[in-house]
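>>> following is a predicted model, sequence given first.
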Amino acid sequence: MENALIFGANGQDGYYLAEVCKYRGIDPIRVSRTDVEVQADVSKLEQVEDLMKKYQPTFVFHLAANSTTRYDALFENFETISRGTLNVLEAAKRYSPKTKVFITGSGVQFKNVGKPISECDDFEANSPYGMSRIQSVYAARYYRSIGIRTYVGYLFHHESPLRKPHHVSQKIAMAVRRITRGHNEILELGDITVVKEWTFARDVAEGILTLLLQEDIFEAAIGSGKGYSIENWLQLCFGLIDRDWRNFVRPQKDFISEYSILVSNPSTMNRLGWQASVPIDKLAKMMIQSSPLLY
């Protein structure tokens, strides 16, 4: 039976990727520093090597990361993303060279000029997070050049009921749920005109596996290609409880957005037969109902 090591299995991506693997007949081995079936730290080479030797996996997915662009996460990003990538690739080379390795990329590691971003666009290290992602991609390309089948999927914003509370999608959804229970609260939000993607995380997990199950394309932007503003999300979520979002939101003082739009060009993935299937209105219902298995 084919198997898959999933580093960073505690996040929404790890959850849905494990589900997709099981659906496809692949045994998922969930790895994280805490609270999963296998406890290990991707930034520790010896631990990664032990897992590679033990499981000889068909696939390895490196999803582990603190998804923040804050400067104070610089060294954490380096250890988990950059060093973690190097550890996974070197361990595969030494002990399981037939393994297919997936490295997570991000839309924020590209130069953003307000147009849909594809895997062919130029990188720009405009945050510690972006810098670590860029480092990891160059490591992936090097190991690919010496025979390791290494794939990179550039992910854009994707959401689910498993999103952590500090993300704006979940922050709004949780507030709406509390308001339905009679809470009286005001949300402080930054620039609600910012446009981003609101792709369902399980769709993205399907895209990741689609990329690895072929041999011709090794890097691709994985996203819906459809952008909506935060204001659109507010309208959808508050509309589900028949409330006017403007009565519950006030602007956050001194907030400066990193970008005005961040949207993918998923044409390469579309040519591979994949596209996002869950529209934003259905995603809003999922998150208000807080049901991770509703798809």
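Ah, there it is. Treat the numbers as computed from the prediction; the structure is a model and nothing was measured.
>>> for the strand or helix carrying residue 141, packing partners?
Under the criterion of DSSP states H and E, residue 141 resides in helix 128-145. Applying 3 or more C-beta pairs under 8 Å, 6 or more residues apart in numbering; DSSP states H and E, we find helix 128-145 packed against helix 74-77, helix 84-95, strand 100-106, strand 150-155. (C-beta placed from N, C-alpha, C; glycine too.)
>>> same thing but 10 Å
Helix 128-145 sits against helix 74-77, helix 84-95, strand 100-106, strand 150-155, strand 219-222, with contacts defined as 3 or more C-beta pairs under 10 Å, 6 or more residues apart in numbering; DSSP states H and E.
>>> would you list the ones you listed in JSON lines and tack on distance to residue 43 and mean neighbour count?
JSON lines is the format used below for the helices and strands packed on helix 128-145 (distance: least, C-beta to C-beta, whole Å; neighbours: other C-beta atoms under 10 Å):
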{"stretch": "helix 74-77", "distance to residue 43": "9", "mean neighbour count": "17"}
{"stretch": "helix 84-95", "distance to residue 43": "5", "mean neighbour count": "22"}
{"stretch": "strand 100-106", "distance to residue 43": "14", "mean neighbour count": "25"}
{"stretch": "strand 150-155", "distance to residue 43": "18", "mean neighbour count": "24"}
{"stretch": "strand 219-222", "distance to residue 43": "23", "mean neighbour count": "26"}
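>>> reformat those as JSON lines; add distance to residue 22 and mean pLDDT.
Converted to JSON lines, the helices and strands packed on helix 128-145 look like this (distance: least, C-beta to C-beta, whole Å; pLDDT from 0 to 100):
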{"stretch": "helix 74-77", "distance to residue 22": "30", "mean pLDDT": "77"}
{"stretch": "helix 84-95", "distance to residue 22": "22", "mean pLDDT": "98"}
{"stretch": "strand 100-106", "distance to residue 22": "17", "mean pLDDT": "98"}
{"stretch": "strand 150-155", "distance to residue 22": "20", "mean pLDDT": "98"}
{"stretch": "strand 219-222", "distance to residue 22": "20", "mean pLDDT": "98"}
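>>> quick one, which of these gets closest to residue 238.
Taking C-beta to C-beta, strand 150-155 is the member of the helices and strands packed on helix 128-145 nearest to residue 238, at 27.4 Å.
>>> that closest one pairs with which strands, and in what direction?
Using DSSP bridges, the neighbouring strands of strand 150-155 in the sheet come out as strand 100-106 (parallel), strand 219-222 (parallel).
>>> for the first one, what is the distance to the chain centroid?
Using C-alpha atoms, centre = their mean, to the nearest Å, the mean C-alpha position of strand 100-106 is found 10 Å from that of the whole chain.
>>> and that strand with helix 84-95, angle?
Taking axes from the mean of the first three to the mean of the last three C-alpha atoms, to 10 degrees, one finds strand 100-106 and helix 84-95 inclined to each other by 170 degrees.
>>> let's see strand 100-106 as CSV, backbone CA atoms only.
The C-alpha atoms that make up strand 100-106 are tabulated as CSV, following Å, rounded to 0.1, in the frame of the first residue of the first chain:
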residue,chain,number,x,y,z
LYS,A,100,8.0,12.0,-4.3
VAL,A,101,8.5,15.1,-2.1
PHE,A,102,6.1,18.1,-1.9
ILE,A,103,7.3,21.4,-0.7
THR,A,104,4.8,24.2,0.1
GLY,A,105,5.3,27.5,-1.7
SER,A,106,3.2,30.6,-1.2
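>>> angle of that strand against helix 128-145?
The directions of strand 100-106 and helix 128-145 differ by 150 degrees, with the same axes, to 10 degrees as the criterion.
>>> does residue 154 touch residue 134 like I think?
No - under the contact definition of C-beta atoms under 10 Å, residue 154 does not touch residue 134, with a separation of 11.1 Å.
>>> anything in contact with each of the two?
Counting by C-beta atoms under 10 Å, 6 or more residues apart in numbering, the shared contacts of residue 154 and residue 134 are 105, 106, 109, 110.
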